[in-house]
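Visitor: need a structure here:
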Amino acid sequence: MTGNRWLRLLLAAGLALALGTASAAETQLSGAGGTAIYPVLANWAAQYHELTGIAVNYQPIGSGGGIQQIEVGTVAFANSDMPLPSATLRAQHLIQFPALIIGITPVVNIPGIKPGEITLSGPLLAEIYLGDIRQWDDPRIQALNPGVPLPHMAIITVHRSDGSGTTFNFTNYLSKVSPAWREKIGADTAVSWPNGVGGKGNAGVASFVKQIRGSLGYVEYAFTLETNLTWTRMLNRDGDTVSPSPAAFAAATQHADFAKAADFNVTLTDEPGAANWPITATTYILMRSNYARADNRAVIEFCRWFLNHGQEQAEHLNYVPLPAATVQLIEAYWQKELGL
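Guide: This is a model prediction of the structure:
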């Protein structure tokens with residue numbers, strides 16, 4: 001998708017949101033949360049408004065902010081790339097269900113290096129973000145990239161400054177592959193970064209990486225392509241070198257069993273399989289179980305529409321739609337938890 005088409009979609013979404021406030025007769029759904037889903041959610045919002053007259057006003061403030069807003073009841077729904085434990089959901093009167101499969105991609109700004117020309121591994125990423133590897137021509141990086149002309153240039157790490165499900169999955173992955181990372185930093189939507197520059201949202205990280213020579217960051221794959229960032233390949237759990245792609249993200253779900261996972265709580269990082277992208281994630285919709293039935297019904301109708309009719313748009317933006325069997329599980333979950 002071209003940058004112009006991307007802009008038109010976002011402008012259309014903004015127009016839909018503005019139109020939603022023009023008439024008191026129209027219904028408006030408010031949501032907040034992760035930035036990774038925002039490109040496709042903006043697309044869905046524009047189409048849904050055109051079809052139904054219902055405006056979807058979504059604030060891409062990060063998963064942490066979305067969780068906070070749904071917990072205090074200021075939005076009709078939230079989005080998070082970090083699943084919440086069932087105990088937390090029950091305590092907060094929440095439910096959660098998957099919306100899409102996403103991929104989180106390391107991106108770099110190294111002079112002379114094009115997309116896919118450099119390979120990294122989980123342990124290397126951990127050492128870089130811990131500050132143990134400081135130069136791009138470090139022998140440990142060069143060993144994984146023989147013949148690649150890596151410059152003697154300082155590595156500037158870029159991370160999220162807001163509460164982020166993208167950060168949760170990135171740090172969850174690093175915690176699985178690096179004992180040092182697990183012990184010193186851990187995994188959460190926000191962590192104490194040892195160094196580097198913080199950007200707000202996927203867009204903020206992407207912007208800093210584009211601006212800073214020698215930088216390394218992590219963003220959702222759709223942002224990588226749309227902002228023309230230089231993505232890296234990754235060495236996965238099986239020791240195979242893979243490139244980020246919807247096919248590689250889909251491959252990482254082959255062992256996921258949403259039917260057996262309480263409240264669909266599945267983490268897809270560092271999954272086995274030769275074709276798997278190692279930093280794959282599920283992005284979730286959160287709702288309150290104690291909202292008025294009519295209010296929740298309006299959200300469910302929007303979610304039912306995009307799960308069943310918004311998948312082509314998701315694929316065009318390089319997300320991985322959920323299989324029909326998982327959508328059926330979600331609809332059964334709505335009936336069980338909300339009676340809808």
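Visitor: I'd guess residue 158 is in a helix, am I close?
Guide: No. With DSSP: H, G, I helix; E, B strand; the rest coil as the criterion, residue 158 is assigned strand and is not in a helix.
Visitor: surely it meets residue 215?
Guide: Yes. If you go by Cβ atoms under 8 Å, residue 158 and residue 215 touch, sitting 5.3 Å apart. The way it works is simple: take the backbone N, C-alpha and C, and place the C-beta from them, glycine included.
Visitor: find the helix or strand that residue 277 is a member of.
Guide: Residue 277 is part of no helix or strand, with elements assigned from DSSP states H and E.
Visitor: can you count the residues close to it?
Guide: 27 (other Cβ atoms under 10 Å).
Visitor: for this protein, what helix or strand is lowest in average pLDDT?
Guide: Between all helices and strands in the chain, the lowest mean by mean pLDDT, DSSP states H and E belongs to helix 3-20, at a mean of 39.
Visitor: run through the neighbouring helices and strands of whatever helix or strand comes next after it.
Guide: Using DSSP H and E, the helix or strand that directly follows helix 3-20 along the chain is strand 28-33. The elements that strand 28-33 packs onto, with contact taken as 3 or more Cβ pairs under 8 Å, 6 or more residues apart in numbering; DSSP states H and E, are strand 55-60, helix 63-72, strand 77-80, helix 293-309.
Visitor: quick check: mean pLDDT of strand 28-33?
Guide: Averaged over strand 28-33, pLDDT sits at 94.
Visitor: which other helices and strands contact whichever helix or strand comes after that strand?
Guide: Using DSSP H and E, the helix or strand that follows strand 28-33 in sequence is helix 38-52. Helices and strands touching helix 38-52, by 3+ Cβ pairs under 8 Å, 6+ apart, are helix 3-20, strand 55-60, helix 221-226, helix 293-309, helix 311-316.
Visitor: show me the domain layout of the chain.
Guide: Listed by automatic domain parsing, the domain ranges of the chain are 3-101+282-338, 104-264.
Visitor: surely residue 314 meets residue 308?
Guide: No. Applying Cβ under 8 Å as the test, residue 314 and residue 308 come out as separate, 11.7 Å apart.
Visitor: of these two, who's got more company?
Guide: The neighbour count for residue 314 versus residue 308, taken as other Cβ under 10 Å, is higher for residue 314 (26 against 11).
Visitor: which residues touch residue 185?
Guide: Neighbour list for residue 185: 129-130, 171, 174-175, 191-194 [criterion: Cβ atoms under 8 Å, 6 or more residues apart in numbering].
Visitor: right, I mislabeled it, should have said residue 221
Guide: 102-105, 231, 244-246, 249, 318.
Visitor: in strands, which of the residues you listed fall?
Guide: Judged by DSSP state E, the subset of the contacts of residue 221 located in strands is 102-105, 231.
Visitor: any buried residues in stretch 146-157, and which?
Guide: For stretch 146-157, burial by neighbour count (16 or more other Cβ atoms under 10 Å) applies to 148, 150, 153, 155-157.
Visitor: ok so, going back, ok, of the ones in strands among the contacts of residue 221, which one's closest to residue 27?
Guide: Distance to residue 27 across these (Cβ to Cβ) is lowest for residue 102, with 28.1 Å.
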